[in-house]
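Engineer: This is the structure alone, sequence omitted:
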């Protein structure tokens, strides 16, 4: 992929490198557009064609950005599931929304995007992983804690359920909602213990397929009001597991290996994390050649998970199109954080490198966002709530700490401070991203400026 346009560390007032033309108002819109958020987990930008990658092949996700806007420098404000999701849904930083690490709930008085759309007369719903509930065990959300999502029967707190079987409810140990009449069962994942209590041998559909069915069911329903739907796919998060044919779709031997897999000059805080991973891999040291083989196998399955997501996004887009709703729906595609996948010798997220924080952000709404729009400015996850509400002309909560980037989407010149602040309260780490630099602070360690 070609290098992105870079600008100075403090020259943040300048706007995007590409010329902008104001987008026309949505012609003939008789009511407010629907809003669909497609949110993935641990999903790196380098898997998508719209960011210049040919590794996976993602024509359906790419379509959202190609026919709308691509944010080239979108960063999450915390590369951990719970705090990142809290930033996205509230427009507030982790120290403000309260869920500063995993297994801590959002403040009870937080105002989410779902609350704001309810106030605007929208029908709200969610399917998939929520996570900022504070409950350490996987389980279905209680309606009293649904945070503005009226249809929350397929909304669960946490867990990465790889396979799912639907069966009638009634077992004493069932933790699904009795009113749904169904329960979800996950067979053991091949890469480790399942995240829920059940362990059955019956074959079932892959969870991404099942969740997409639920999203299609909600989004294509005939209704008098517009909808806001949060479709949260728990992949391509670990464990590295996906159903056929995606599990064998990519050849490990063809997977590229990052040049920093065996990087020597890591800061001590990153080296400590890498060494823990080396032990879990069963390798003799971080220099062990076996690490490359492990990486290639994992990356091939990871790409398979992304391909499965893309195929299901295609199903959802086609269903919206057939229902006559596609062009009347603002579609946002993004993720809660990235995946190192061997860069700097690391996996997963945390730490302070760009790979974990820079993720996809695509938006599509014909008539409001011009096809081929590219946003070069640094935008963060706390900016999402005010941006969506600003783009649609809806009232904001007044509690947002993020910035409204809708002027960038409309092609208007604006003084945009070109930086994103990141915060990992539980690890006592913080930093700032700009288009050219990252400033990293780790308690008890040297301050570092990365280019």
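Structural biologist: Yep, it's here. As the structure is a computational prediction, the values presented were derived from the model and not from experiment.
Engineer: In the chain, where's the longest helix?
Structural biologist: For the chain, the helix with the greatest residue count under DSSP state H is helix 290-322.
Engineer: Check which helices and strands that helix sits against.
Structural biologist: In terms of contacts (3 or more Cβ pairs under 8 Å, 6 or more residues apart in numbering; DSSP states H and E), helix 290-322 is packed against strand 34-40, helix 59-66, helix 207-219, helix 268-281, strand 329-335. (Each C-beta comes from the backbone N, C-alpha and C, glycine too.)
Engineer: So what's the residue count around residue 249?
Structural biologist: Using other Cβ atoms under 10 Å, residue 249 has 16 neighbouring residues.
Engineer: pLDDT at it, what is it?
Structural biologist: Residue 249 is assigned a pLDDT of 96 by the prediction.
Engineer: tell me the contacts of residue 309?
Structural biologist: Counting by Cβ atoms under 8 Å, 6 or more residues apart in numbering, residue 309 touches 40, 43, 61, 208, 233, 235-236.
Engineer: now those residues in a markdown table, with neighbour count?
Structural biologist: Rendered in a markdown table, the data for the contacts of residue 309 read as follows (neighbours: other Cβ atoms under 10 Å):
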| residue | neighbour count |
| --- | --- |
| 40 | 29 |
| 43 | 26 |
| 61 | 26 |
| 208 | 25 |
| 233 | 25 |
| 235 | 27 |
| 236 | 28 |
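Engineer: right, so of the helices and strands packed on helix 290-322, which gets closest to residue 300?
Structural biologist: The closest of the helices and strands packed on helix 290-322 to residue 300 is helix 268-281. By Cβ to Cβ, the value is 16.2 Å.
Engineer: Now tell me what touches the closest one from outside.
Structural biologist: Residues from elsewhere that reach helix 268-281 (Cβ under 8 Å, 6+ apart): 266, 285-286, 288, 290-291, 294, 344-347, 350-353, 429, 442, 445.
Engineer: and if you look at stretch 56-68?
Structural biologist: With Cβ under 8 Å, 6+ apart, stretch 56-68 has contacts from 47-50, 250, 303, 306-307, 309-311, 313-314, 317, 331, 333, 360, 362-366, 369, 371-373.
Engineer: Pretty sure residue 411 is one of the things residue 373 touches, is it not?
Structural biologist: Yes - contact criterion Cβ atoms under 8 Å: residue 373 and residue 411 qualify, at 7.2 Å.
Engineer: Neighbour count for the two, which is higher?
Structural biologist: residue 373 (23 against 18).
Engineer: Tell me the spacing between that one and residue 60.
Structural biologist: 19 Å (Cβ to Cβ, to the nearest Å).
Engineer: One more: residue 339?
Structural biologist: Counting by Cβ to Cβ, the gap from residue 339 to residue 60 is 20 Å.
Engineer: These two: who's more crowded?
Structural biologist: Neighbours were counted for residue 339 and for residue 60 using other Cβ under 10 Å; residue 339 has more, 27 against 18.
Engineer: Quick one: the helices in the stretch 351-451 of the chain, in order.
Structural biologist: 354-357, 384-391, 406-409 (DSSP state H, counting those that start in this stretch).
Engineer: Residue 434 is nearest to which of those helices?
Structural biologist: Of the helices of the stretch 351-451 of the chain, nearest to residue 434 by Cβ to Cβ is helix 354-357, at 11.0 Å.
Engineer: re the thing from before, buried members of the contacts of helix 268-281 into PyMOL, please.
Structural biologist: The following PyMOL line selects those of the contacts of helix 268-281 that are buried, judged by 16 or more other Cβ atoms under 10 Å:
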select buried, resi 266+286+291+294+344+345+346+347+350+351+352+353+429+442
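Engineer: if I pick the nearest residue to residue 382 once chain neighbours are set aside, what's in contact with it?
Structural biologist: Leaving aside its sequence neighbours, residue 382 sits nearest to residue 402 (Cβ to Cβ, 6 or more residues apart in numbering; 3.3 Å). By Cβ under 8 Å, 6+ apart, the contact set of residue 402 is 87, 91-92, 380-387.
Engineer: cool, residue 37 as well?
Structural biologist: 113, 228-232, 332, 334.
Engineer: Now tabulate these in a markdown table and tack on secondary structure and distance to residue 397.
Structural biologist: As requested, these are exported to a markdown table (DSSP: H, G, I helix; E, B strand; the rest coil; distance: Cβ to Cβ, whole Å):
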| residue | secondary structure | distance to residue 397 |
| --- | --- | --- |
| 113 | helix | 9 |
| 228 | strand | 14 |
| 229 | strand | 20 |
| 230 | strand | 17 |
| 231 | strand | 22 |
| 232 | strand | 21 |
| 332 | strand | 18 |
| 334 | strand | 20 |
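Engineer: Highest neighbour count among those residues?
Structural biologist: In terms of neighbour count, residue 230 stands highest of those at 29 neighbours, by other Cβ under 10 Å.
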